[in-house]
Structures are given as structure tokens and as C-alpha cells.
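Peer 1: show me the folded form of this:
(one chain, ligands or ions: 1)
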Amino acid sequence: MNSTRRIGLLLTLIFLLPALFFSVYEMSTLNKDEKMIQEIYQKQLDAILFSVNQYADDILSSWIARIEGHYDASLPTDSVPPKIQDVLNLNASLQYVFIIDTTAKEPMKIYTNNMYDENIRQHIEQTVSNHRTVIAELIRYKRSGFQKIMRIAWADKDARFTECLVYISGESQMKISGLLINTELFFEDLIGPKLQAVAQDQFILSVLQPASDSVVYTTATRNDTTSTAEALTKDLWILPDYSLGIRGKGTTMQELVRERTRSNLILLIGLDVILIIGVVLVFRNLKKEVDLAQNKADFVSNVSHEIRTPLALISMFAETLEMDRVPSEEKKREYYHIISKETQRLSGIVNKILNFSQTEANKKTLYPERLHVDTEIKNILDTYQFHLSNKGFAYTYEPVGDLYIKADKEAFTEIMINLIDNAMKYSDTVKKIDLSTRAEGTDVCIVIKDHGIGISKKDQKHIFDKFYRVPEGNLARKSGTGLGLSLVKQLMEAQGGRIMVSSEPGHGSEFRLYFESHNN
Ligand code: ADP
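Peer 2: All right, here's what the predicted structure looks like:
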């Protein structure tokens, strides 16, 4: 496995996988937490409604406890025993108390604090006779020691707010006792204050009548903005036609939990995205460094190779000359020529490396001056003409008008020579170089085009990197250091210019230099 892959794998194993595992785990627990919190909330609501129900039951039980045992059979039918009178006085919602002797020995007793309604007796009789089975059941309960209170439908359909509750009282002498309650008053006077106390600022509690789909009592005020749906409803034990409803005030718990889960999820996904971007960036940088290290290693071996060949030739011919073993003067001259050519080659390589290191370390001082592009290029071509034709190259040159740029003369020559050298080096059978100049907006563009081997899109991204050499193809026989284009780019940028390349493998390459125009 190569080092870049290994780094990629390590980064994935150390950072990405644990983060992704953690995220997936967190996402699943977030859902679980949300469910758990909702369940707890529901249980809490349930407990609140339970306590209200219990309270309503307690009120009734306390009434019954206070009424029980105070029927006085000896009193005249229309006079109320004092204890019962007390209960009636204190509770406006308790409108009538009636007692029916199961043996029918005594007449029915009806106690009230209100104006006595003439029809009430008849309605009570009607109601009780409508529910004989319920009464029988209550008696059975009572016999087995359990006093149960039940609501039975009140016979008078016009009395909208009257509810009738019956239970069995007495021990040996069982009596059917009943309470007629005005529900409107009951909820307003007794249940209401309890609901207010429980609700406080956190909840809205209501008494609902599902049959008529109406709200009988609510702690909600006009300013409360909540969804109208109740979070939980429970039947009222003592009056099953009514139910209790509860919901959160302001933002409900469910909404809060959902909101929190959502923001947690967004945070988690955000962190993952940042982590992935971070890992990609780190990977890219590391890859760059690894590639650079690799290119550097190649550079060292390339340069050593480049230096070794001329050195070997120089030392061989110098030794031969030194030993005076050269047969003719002509041969001697040839050897001297080889030594001088190889020395030039050596100094060429050394100069290139020095130039590169100076430019890279920003130690190269540039002296920009106004240059007439056409003159400069012609001068370079004149000097290079011999070299070009020597290698079998032809060139065309198409200048456009008088163009001026501001550049360091030496650096400009260096740039041009590097590009022309490359054009020669990387040409195959078509040995032709086309040069041209043109004005492009506020820029001057110089084009160096060859018809050589071309550069793939992938390599075009790297050819300006230091030490980079295109690895494939028949490059083996081309000598080079991988510094040329990097030097060109650095020199261009140092002078405020830029270099672009267009190329297609097998169809040659075109390098374009852009300098700011200095025509005025
Ligand atoms: P080198 O010393 O290898 O020529 P350069 O920096 O000058 O280094 O170029 C980098 C690489 O770009 C070269 O190895 C070569 O593959 C590619 N290259 C540069 N110029 C050309 C060109 N005109 N045609 C094809 N390939 C080129």
C-alpha cells in the first residue's frame, strides 16, 4: 500500500469511523430519549389528572360522610336535619339530597336549600325507577361492605346542568340516597379553584363535555397561545359524561423535546460535516507533502544522474589529454570541444538549481523595466536560432503591433528560454514551434506553442509544482529536473503576471504568458 493510501486509511480509522459511529449511536439514543421524556411527561400529566379526579371524589365522599347518619325519620318531611342543612349551606352546587326507604315504610325525604321545586319528587321517582338494575347492583355492593356512588341519568331532560348521584346508605335499614348536583356550579366553585391551583403557569386544565364537544370550564386565559388539542384527557370518575383535559402552556413539552432533538441532530450533522471537511483538508495537505517528498527524492536521483554523465565524460577526456595519448591535433580539439560542451551542460544544470532556490527563497532581486516585447523575443530567437536549427526545429513568429510590458529583462529571457527548451524537449516528430503575441484586454499575451507529445489534463494540474515531472511515456530519455516550469511560474507571479497551459496528449501544448500591458 502506498503512503497516501495508508494516510487516508489511518485518518478514516482514527477520525471518521469513530465520529460516524458516535453520530449514528447518538441519533438513535436521541430518538429513545425523546420517547422516554415524552413518556415521563405523559405520566406526569396523568398524575395531575389523577389528583384532580381524586379531589372531586374526596369532595363527594366528604359530603356523604357528613350527611350519613343524620337522617332523622322523626323530623317532619319538609324540615332539614341541621347537619345536612350545613352541607347544603356550604355547597351551592349540591342542590338536593334525597333519601328513599327501600322498604317503602317511610315517605321519600327531600332536602334542599333552594326553592322547592314541585316536580322534583316526580323526577326523582322517575329517575330511580329508570335505574332499578343500577340500584340493585349498588345494594349488592353495599351488602358486601362497599359503598359505591354512581351517576344515573337524570329524568328531567330540560335541566341541563343537573346530575344525579346515588348510593346506598344505612346498615340494617338500607336506604337509597341521592345527590342532585348542579354541575355548572360544581365545576365553577369546587373543581375550578383546584384546577387553577394545579395549573399555575405551566398547564392549561379544562373540564370538557365530549358529547357536546364543549369546554365546560378552563383555566386558559385569552392570552394563552397554545395548540387547542389537549395533550391528555381522562374521564371524570364521578361524572363519566365529563372529562378532564390537560395541555402545556406556551411551548409544549413535546415541542420542546422535538426542538431540542432537532437542534441536537443539526449540531451533530454539522460537526460531522466539519470533521469530514477537516479530514479531507488534512488528507489533501498530507498528500501534497508526501507527493512533494516523493518528487524531491526523484529530483535528487535525476540531478545526480544528470551531473554524473557530463562529469564522467569530462574526467575521461581530461585524463586522456593529460596523459598525452591523443594521436592528432584534430582529436585534441574534438576532446576540448566535448569538455567545454559538457561543462556548459553542467553549469546549465547548476544555474537552474541556483536560480530556482534563489527565486523560491525570494532572494532573487528583479529589476522591472519597460520592455518592447517584439524586440526582446526577436533577440532571444536570434541567439537561439542556431540551437534550434541544430536540433532540426523550425519556428514561426507572429507579433501583433507594438506591445510593451514591465518585466525584468533577465527573468523574461529565462522564462522564454525555459518554455522554448521544453517545447523542443517534448516534441516528437513534428519539430515546429509557433510563437505569437497579442493584446488581450489590459494584458499582453505571449504564446509558445509546440506540436509535441502534449500533457494530460491530470498532469496539467501538477506541471507547475516544484520537482514535478510527468512520470509516464517516453520521458525516460528526456533529461530534466522538474524545476523549469515551477521557476517560470514563480518568476511570472513575482512580476504580477501569470501562466496558463492548454494541451492535449499527442497534439502538442500551448503555454500562454500574461503580462500587464505598459503601452503608455
Ligand atoms: P523538466 O525538467 O522535467 O522539463 P519542467 O518543470 O520544465 O521540468 O516541466 C515539468 C514537466 O512538464 C515535464 O516533466 C514534462 O513532462 C511536462 N512538460 C513541460 N513542458 C512541456 C511541453 N511543452 N510539452 C509536453 N510536456 C511538457
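Peer 1: only C-alpha atoms for contact and neighbour calcs from this point on.
Peer 2: Fine.
Peer 1: care to break this structure down by domain?
Peer 2: If you go by automatic domain parsing, the domain ranges for the chain are 70-248, 265-355, 365-516.
Peer 1: indicate which one of those is closest to the ligand.
Peer 2: domain 365-516 (3.2 Å; Cα to the nearest ligand atom).
Peer 1: off-centre distance for stretch 387-403?
Peer 2: Centroid displacement of stretch 387-403 relative to its chain, using Cα atoms, centre = their mean, to the nearest Å, is 58 Å.
Peer 1: okay, now T437: neighbour count?
Peer 2: Close neighbours of T437, defined as other Cα atoms under 10 Å, add up to 23.
Peer 1: helix, strand or coil for it?
Peer 2: Put simply, T437 is strand when judged by DSSP: H, G, I helix; E, B strand; the rest coil.
Peer 1: hey, what's it bridged with?
Peer 2: Note on T437: beta-bridge partners I446, judged by DSSP bridges.
Peer 1: list the contacts of it.
Peer 2: Residues near T437 by Cα atoms under 8 Å, 6 or more residues apart in numbering: E398, P399, V400, V444, C445, I446, V447.
Peer 1: and the fourth one, how many neighbours?
Peer 2: Summarising burial for V444: neighbours were counted as other Cα under 10 Å, giving 23.
Peer 1: if I've got this straight, it is in a helix?
Peer 2: No. Membership of V444 in a helix is not supported by three-state DSSP, which gives strand.
Peer 1: contacts only, for it.
Peer 2: Residues in contact with V444, defined by Cα under 8 Å, 6+ apart, are L403, Y404, I405, T437, R438, L513, Y514, F515, E516, S517.
Peer 1: do the same with the last one
Peer 2: For V447, the residues meeting the contact criterion (Cα under 8 Å, 6+ apart) are D434, L435, S436, T437, E510, F511, R512, L513.
Peer 1: any chance of those in CSV, plus distance to D291 and pLDDT?
Peer 2: Listed next are those as CSV, based on distance: Cα to Cα, whole Å; pLDDT from 0 to 100:
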residue, distance to D291, pLDDT
D434, 33, 96
L435, 33, 97
S436, 35, 96
T437, 35, 96
E510, 26, 97
F511, 24, 97
R512, 26, 97
L513, 27, 97
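Peer 1: what about Q173, distance to P82?
Peer 2: 22 Å (Cα to Cα, to the nearest Å).
Peer 1: CA atoms of whichever strand or helix holds P193 as PDB?
Peer 2: Taking DSSP states H and E as the definition, P193 sits inside helix 192-199. Output of helix 192-199 as PDB, limited to C-alpha atoms (Å, rounded to 0.1, in the frame of the first residue of the first chain):
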ATOM      1  CA  GLY A 192     -62.200  25.300  39.300                       C
ATOM      2  CA  PRO A 193     -60.100  26.500  42.200                       C
ATOM      3  CA  LYS A 194     -58.300  23.200  42.400                       C
ATOM      4  CA  LEU A 195     -57.600  23.300  38.600                       C
ATOM      5  CA  GLN A 196     -56.200  26.800  39.000                       C
ATOM      6  CA  ALA A 197     -54.000  25.700  41.800                       C
ATOM      7  CA  VAL A 198     -52.600  22.800  39.900                       C
ATOM      8  CA  ALA A 199     -52.300  24.500  36.600                       C
END
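Peer 1: which residues are in contact with whatever helix or strand comes next after that helix?
Peer 2: Going down the chain from helix 192-199, the next helix or strand is strand 203-209, by DSSP H and E. Applying Cα under 8 Å, 6+ apart, the contact partners of strand 203-209 are 187, 195-196, 199, 214-220, 241-249.
Peer 1: so of those, which ones are in strands?
Peer 2: S214, V215, V216, Y217, T218, S243, L244, G245, I246, R247, G248 (DSSP state E).
Peer 1: stretch 363-381: end-to-end distance?
Peer 2: Length of stretch 363-381, first residue to last, Cα to Cα: 29 Å.
Peer 1: ranges for the helices of the stretch 301-450 of the chain?
Peer 2: Per DSSP state H, counting those that start in this stretch, the stretch 301-450 of the chain carries helices over the ranges 329-360, 373-390, 409-425.
Peer 1: the second one: how far from the chain's middle?
Peer 2: Averaging C-alpha positions (Cα atoms, centre = their mean) puts helix 373-390 60 Å from its chain's average.
Peer 1: buried sites along that helix?
Peer 2: By 16 or more other Cα atoms under 10 Å, the buried positions in helix 373-390 come out as V373, D374, I377, L381, L388.
Peer 1: likewise stretch 103-118?
Peer 2: For stretch 103-118, by 16+ other Cα under 10 Å, it's M108, K109, I110, Y111, T112, N113.
Peer 1: export the residues you listed to a markdown table and tack on distance to the ligand?
Peer 2: Shown next, in a markdown table, are those (distance: Cα to the nearest ligand atom, whole Å):
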| residue | distance to the ligand |
| --- | --- |
| M108 | 117 |
| K109 | 117 |
| I110 | 114 |
| Y111 | 113 |
| T112 | 111 |
| N113 | 111 |
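Peer 1: can you list the helices and strands that the helix or strand containing K287 packs against?
Peer 2: Counting by DSSP H and E, the element that carries K287 is helix 253-322. The helices and strands touching helix 253-322, judged by 3 or more Cα pairs under 8 Å, 6 or more residues apart in numbering; DSSP states H and E, are helix 3-11, helix 17-67, helix 329-360.
Peer 1: of the ones you listed, which is nearest the ligand?
Peer 2: helix 329-360 (9.6 Å).
Peer 1: got any ranges where the stretch 101-250 of the chain has weak pLDDT?
Peer 2: 223-229, 250 (pLDDT under 70).
Peer 1: quick one, strands of it?
Peer 2: Ranges of strands in the stretch 101-250 of the chain, per DSSP state E, counting those that start in this stretch, are 109-112, 150-152, 162-169, 175-182, 203-209, 214-218, 232-235, 243-248.
Peer 1: so V279 sits against L13, correct?
Peer 2: No. Using Cα atoms under 8 Å, V279 is not in contact with L13; the gap is 11.0 Å.
Peer 1: on that earlier part again, in ChimeraX, select just the buried ones from the contacts of strand 203-209.
Peer 2: Command for ChimeraX that selects the buried part of these, burial taken from 16+ other Cα under 10 Å:
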select :187,195,196,199,216,217,218,219,220,241,242,243,244,245,246,247,248,249
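Peer 1: what lies in contact with stretch 239-252?
Peer 2: With contact meaning Cα under 8 Å, 6+ apart, stretch 239-252 is reached by 45, 49, 151, 201-211, 224-226, 229-236.
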